[in-house]
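Asks: Take this sequence and fold it.
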Amino acid sequence: MQSFHRRQHIGIASDRTGRLPELWPTSKRARSAQKTEPAIDVRFVEGNGDDIADQVARGTINVAFIQERVNKASIVSEHCWNETIVVALPEGHRLAGHHALRREALRCETFLMAIDETRVIRTANEIATILEGRPRLIIPTQVHRDTLMHLVGLGFGIALTRSCALGVYYPGVIYRPISAPEPHAAVYAIWRPETLSPEASVLLAYVQAEGRQGAVE
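Replies: Presented below is the predicted three-dimensional model:
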């Protein structure tokens, strides 16, 4: 009898502060799960957290990994792992020679963020929370994340990103940690129990186990 793989759609929330999406750590876990469960045929769907949550609620995405809890009665949200927030800045920047960047120094800088106009206030507040105060200037940019990082490399400003971005090369861009206490950002799995397929359940269980083994990446 011929067997068919069931395609699983995984939602990946794009970032609101110029960070890369959670593609690398999530896809790494999904690929590991596929090695032991070949029936998992993964397809990634990218979008902002609200859009991804709506697709999960409609059942068009089996399970998603986003950066905040979802307050919908039909959706389960569970914390999976944390990632360290770091700073992307251009080579030759005055802070480039420091190993860890102090928040008071960062508050004197210009921050770029890839954002749509409806999220400007919320994203600016997130940056201010991480820096424990508002920076000198925040510039919303209507560009994709890759373009934003190229703008950083060209010297138009700096940006916050997650530790998963450290393996991605952009010309002229370097990464530095923020001084202790290091800020972290959570990644949550969201799903609808009534539409979670057996294959997606296997993937979710694997990601949850991996997250418990390493709380911070």
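Asks: Listing request: residues of this structure with sub-threshold pLDDT.
Replies: 1-43, 115-119, 211-217 (pLDDT under 70).
Asks: Go through it and flag its longest strand.
Replies: Determined from DSSP state E, the single longest strand within the chain is strand 76-90.
Asks: Counting neighbours, which bits of the helix or strand following that one end up buried?
Replies: Once strand 76-90 ends, the next helix or strand along the chain (criterion: DSSP states H and E) is helix 103-106. For helix 103-106, a neighbour-count test (16 or more other C-beta atoms under 10 Å) marks residue 106 as buried. The C-beta positions use only the backbone N, C-alpha and C, and glycine is treated the same way.
Asks: re earlier: how far does the longest strand of the chain sit from its chain's centre?
Replies: 6 Å (C-alpha atoms, centre = their mean, to the nearest Å).
Asks: elements contacting that strand?
Replies: Counting contacts by 3 or more C-beta pairs under 8 Å, 6 or more residues apart in numbering; DSSP states H and E, strand 76-90 is packed against helix 145-153, strand 159-162, strand 173-177, strand 184-191, helix 198-213.
Asks: looking at those, which is buried most?
Replies: strand 159-162 (a mean of 26; mean count of other C-beta atoms under 10 Å).
Asks: partners of that strand, with directions?
Replies: Partners of strand 159-162 in the sheet, by DSSP bridges, are strand 76-90 (antiparallel).
Asks: For residue 65, grab the count of nearby residues.
Replies: 26 (other C-beta atoms under 10 Å).
Asks: Output stretch 94-105 in PDB with nothing but the alpha carbons.
Replies: Output of stretch 94-105 as PDB, limited to C-alpha atoms (Å, rounded to 0.1, in the frame of the first residue of the first chain):
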ATOM      1  CA  ARG A  94      32.500  53.700  18.300                       C
ATOM      2  CA  LEU A  95      31.200  50.800  20.400                       C
ATOM      3  CA  ALA A  96      32.600  48.100  18.200                       C
ATOM      4  CA  GLY A  97      35.700  47.700  20.400                       C
ATOM      5  CA  HIS A  98      33.700  46.900  23.500                       C
ATOM      6  CA  HIS A  99      33.000  43.300  24.400                       C
ATOM      7  CA  ALA A 100      29.600  44.000  26.100                       C
ATOM      8  CA  LEU A 101      27.700  47.200  25.500                       C
ATOM      9  CA  ARG A 102      26.300  49.200  28.400                       C
ATOM     10  CA  ARG A 103      22.700  50.300  28.200                       C
ATOM     11  CA  GLU A 104      23.500  54.000  29.000                       C
ATOM     12  CA  ALA A 105      25.800  54.000  26.000                       C
END
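Asks: Distance from the chain centre to that stretch, please.
Replies: Distance, centroid of stretch 94-105 to centroid of chain: 23 Å (C-alpha atoms, centre = their mean).
Asks: re earlier: buried ones in the longest strand of the chain, by neighbour count?
Replies: For strand 76-90, by 16+ other C-beta under 10 Å, it's 76-77, 80-90.
Asks: Any idea which of the helices and strands packed on strand 76-90 gets closest to residue 113?
Replies: Comparison of the helices and strands packed on strand 76-90 against residue 113 by C-beta to C-beta identifies strand 159-162 as nearest, at 6.8 Å.
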